[in-house]
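> After the sequence you'll find the predicted model.
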Amino acid sequence: MHTAPGHGQDDYHVGLQYDLGVLNPVGGNGVFVEGTELVAGEFVFKANDTVVQELRHRGVLLHAESYQHSYPHCWRHKSPVIFRATPQWFVSMQRNGLLETATREIEGVEFVPNWGRARMEGMLQDRPDWCISRQRTWGVPIALFVDKTTGEPHPNTAELIEQAAQRIEQAGVDAWFAIDDAELLGSEDAARYEKVTDTLDVWFDSGVTHAGVLSPNASLAFPADLYLEGSDQHRGWFQSSLLTSCAIHGKPPYKALLTHGFTVDGDGHKMSKSRGNVIAPQQVMSSLGADILRLWVAATDYRAEMTVSDEIFKRTADSYRRIRNTARFLLSNLVGFDPAQHIVPTSELLALDRWAIDRTAQLQKEILTAYDHYQFHLIYQKLHNFCVTDLGGFYLDVIKDRQYTTQADSLPRRSAQTALHHILEAMVRWIAPILSFTADEIWRCMAGGDRTIPVFAAGFYTDLTEMDASDEFGRDFWQLAMNVKTAVNRELERQRAEGLVKATLGAEVTLYCNNALADSLGRLGDELRFVLITSEAAIAAEADAPADAVSTDIPGLKVGVRASPHTKCTRCWHHRQDVGQHESHPALCGRCVDNVDGQGESRAYA
């Protein structure tokens, strides 16, 4: 056994413990230096045979045998490496209180997610001095001249660094290695001092980006609002940026740190070229479009590993189509609507339209909060649910009758268009940071306002009005109406599947309610049928419910559905008793006749 403190980490620590000398006869090129006994000039691995032969010659070798064993290899180049102790440059963590400053100042940084704080603080607690030098043939040079004997830096180091920086700025980092020492130092000092050829640790390079990006740019502010990277960067870029900034400015270069997980395939395996499971972003963009990729990123909870597969992208594309088609519906139903002329004051809006605008205002608060906390997956979830449930499943479904059957310039239609206008103005701004291309496309198709300003510079919408808590048709009322409509739809779908009714407008519904529910829904009067999208909707006492009435999950409500016996109006498709009673329009119901030839119908609620 032998101990070589200059050629192994464990041996080095043993040498420190027992005050052993650090002998390093191997040069940076892996060759034994001149003056080394027996093997001077030989490459370290080739010298093994020379040593074995010498031991045999001296008769002291008992046995020599080759065998395979684990040996340290470079993780990048996969080639064997050797350990050798060399002089290095360090940044002291204790001198000038650098570690103390960094530990104190990190308390004011926001961490997303919160567990990043404990991770960073734990790493700082055990932080050793920072070795910033590397012996590589590439990289940013450590532009120093040191005394050949003592290793001390030249007394004019600051001025010399500035001169070197100016040359590197003009000709690149190779300018340092090409500099004639005597040109900068003079012949006398050139004989005494030598140029350092070590390069900087790459974490130092990335760690000072705040100095190269934020400080010189008048359009940017120091510190940055956010640094974001993978969870491995608490030990890397996040920490090197913190230390360099605390050394220069006494504070971190960022206000917040966001940590995201790594991308894995559908089976949870890390993506890598060698495994062959990489899905290239270019492949997704060419087949599905850039916004699908952007939506997947936003929809995924980045705090954990981010799973990606073709199946996931297909589901994301379906969600994207739902959002895009909702926007298309809003745009299509705003044709002929000029906000400057046709917008209806809030006080004159129909009750359902006031609710739709209020629901949008409430959602916008939630979305802005999610943006402030970088919770993009919540934005996606809330936006998608809004399109599927609040709009597609209820509001847009209910107002179709008003949009398509009432007079073009009537209050019922303009009221609905006013709500659609406000919803679209808000929604296009919500999606702009995520579905950027789609938002820009929508923005250029919208009427009113200055569309020469990009949607990305427009700011969030500020004209959404909220409902008063005392409003008779407030949030609770319309939530109840949505629940009742869902319960009715369930029974309608069952009867459609059994062939008892052909369509919802071909059905008549009776709601058997307790007193409280009857009083609440009864306020809609005849307009209850428009909310339920049936040709007739009546309210009766729960006690009068026949045996075939269906119980619902709403307490105090049973539902009775039957096919309407009346003729279908060819214009509104409602089955009404008065179809055929108007000589001028024998195929229309009375409501449609009034909308075609008369003053138009009146609506108050839906």
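Done, it's in. Numbering: from 1, shown residues only.

> what's the neighbour count on residue 310?
For residue 310, the number of neighbouring residues by other C-beta atoms under 10 Å comes to 12. Quick note: C-beta positions are derived from backbone N, CA and C, even for glycine.

> Please name the residues that touch it.
If a contact means C-beta atoms under 8 Å, 6 or more residues apart in numbering, then residue 310 has residue 279 as its contacts.

> again, but for residue 562
Residues 501, 507-508 are the ones in contact with residue 562 under the rule C-beta under 8 Å, 6+ apart.

> at 7 Å instead, please
Listed by C-beta atoms under 7 Å, 6 or more residues apart in numbering, the contact partners of residue 562 are 507-508.

> repeat for residue 384
When contacts are counted by C-beta under 7 Å, 6+ apart, residue 384 is found next to 319, 322-323.

> Just want the most central residue of the protein.
A centroid search over the chain (C-alpha atoms, centre = their mean) returns residue 298, at 4.1 Å, as the residue closest to the centre.

> How far does the helix or strand harbouring that residue sit from its chain's centre?
Following DSSP states H and E, the helix or strand that holds residue 298 is helix 290-299. The chain centroid and the centroid of helix 290-299 are separated by 9 Å under C-alpha atoms, centre = their mean, to the nearest Å.

> tell me which strands and helices it is in contact with?
Helix 290-299 sits against helix 281-288, helix 310-332, helix 376-385, helix 436-445, with contacts defined as 3 or more C-beta pairs under 7 Å, 6 or more residues apart in numbering; DSSP states H and E.

> these two touch, right, the residue nearest to the centre of the chain and residue 436?
No - Residue 298 is not in contact with residue 436 according to C-beta atoms under 7 Å; the separation is 10.9 Å.

> Could I get the full set of strands for the stretch 1-150 of the chain?
Using DSSP state E, counting those that start in this stretch, the strands of the stretch 1-150 of the chain run over residues 90-91, 110-112, 130-131, 133-134, 145-147.

> Check which residues of stretch 229-240 are buried.
Neighbour counts using 16 or more other C-beta atoms under 10 Å place 229, 231, 233-234, 237-240 of stretch 229-240 among the buried residues.

> Redo those residues as JSON lines? Include pLDDT and secondary structure.
Below are the buried residues of stretch 229-240 laid out as JSON lines (pLDDT from 0 to 100; DSSP: H, G, I helix; E, B strand; the rest coil):
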{"residue": "229", "pLDDT": "92", "secondary structure": "strand"}
{"residue": "231", "pLDDT": "83", "secondary structure": "helix"}
{"residue": "233", "pLDDT": "91", "secondary structure": "helix"}
{"residue": "234", "pLDDT": "90", "secondary structure": "helix"}
{"residue": "237", "pLDDT": "94", "secondary structure": "helix"}
{"residue": "238", "pLDDT": "95", "secondary structure": "helix"}
{"residue": "239", "pLDDT": "94", "secondary structure": "helix"}
{"residue": "240", "pLDDT": "95", "secondary structure": "helix"}
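
> how about those, which pair is most distant?
Between any two of the buried residues of stretch 229-240, the greatest separation by C-beta to C-beta is 15.7 Å, found for 231 and 240.

> hang on, isn't residue 278 packed against residue 265?
No - under the criterion of C-beta under 7 Å, residue 278 makes no contact with residue 265, lying 8.5 Å away.

> Quick check: neighbours shared by the two?
Common neighbours of residue 278 and residue 265, using C-beta under 7 Å, 6+ apart, are residue 271.

> More neighbours: which of those two?
Relative neighbour count places residue 265 above the other of residue 278 and residue 265, with 18 against 14, counting by other C-beta under 10 Å.

> and the residue nearest to the more buried one when sequence neighbours are not counted, what are its phi and psi?
Counting by C-beta to C-beta, 6 or more residues apart in numbering, residue 277 is the residue found nearest to residue 265 once chain neighbours are left out, at 4.4 Å. With angles defined as degrees, to the nearest 10, residue 277 shows backbone torsions of phi -110, psi 20.

> Secondary structure element for residue 562, which one?
Counting by DSSP H and E, the element that carries residue 562 is strand 557-563.

> What is the subsequent helix or strand relative to that strand?
Scanning forward in sequence from strand 557-563 by DSSP H and E, the next helix or strand is strand 567-568.

> Walk me through which strands that following strand pairs with, and which way each runs.
Neighbouring strands of strand 567-568 in its sheet, by DSSP bridges, are strand 575-576 (antiparallel).

> After the partner strand, which helix or strand is next? Please name it.
Once the chain leaves strand 575-576, the following helix or strand, as judged by DSSP H and E, is helix 590-597.

> residues of that next one that come out buried?
When neighbours are counted by 16+ other C-beta under 10 Å, the buried residues of helix 590-597 are found to be 590-595.

> Then stretch 277-288?
Applying 16+ other C-beta under 10 Å to stretch 277-288 flags 277, 279, 284, 288 as buried.

> pull the CA atoms of it into PDB?
C-alpha atoms of stretch 277-288 as PDB (Å, rounded to 0.1, in the frame of the first residue of the first chain):
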ATOM      1  CA  ASN A 277     -37.400   8.900 -25.800                       C
ATOM      2  CA  VAL A 278     -37.000  12.600 -26.700                       C
ATOM      3  CA  ILE A 279     -39.900  14.400 -28.200                       C
ATOM      4  CA  ALA A 280     -38.400  17.400 -30.000                       C
ATOM      5  CA  PRO A 281     -40.300  20.800 -29.600                       C
ATOM      6  CA  GLN A 282     -39.900  21.300 -33.300                       C
ATOM      7  CA  GLN A 283     -41.700  18.100 -34.000                       C
ATOM      8  CA  VAL A 284     -44.700  19.300 -31.800                       C
ATOM      9  CA  MET A 285     -44.800  22.700 -33.400                       C
ATOM     10  CA  SER A 286     -44.700  21.400 -36.900                       C
ATOM     11  CA  SER A 287     -47.600  18.900 -36.300                       C
ATOM     12  CA  LEU A 288     -49.700  20.700 -33.700                       C
END
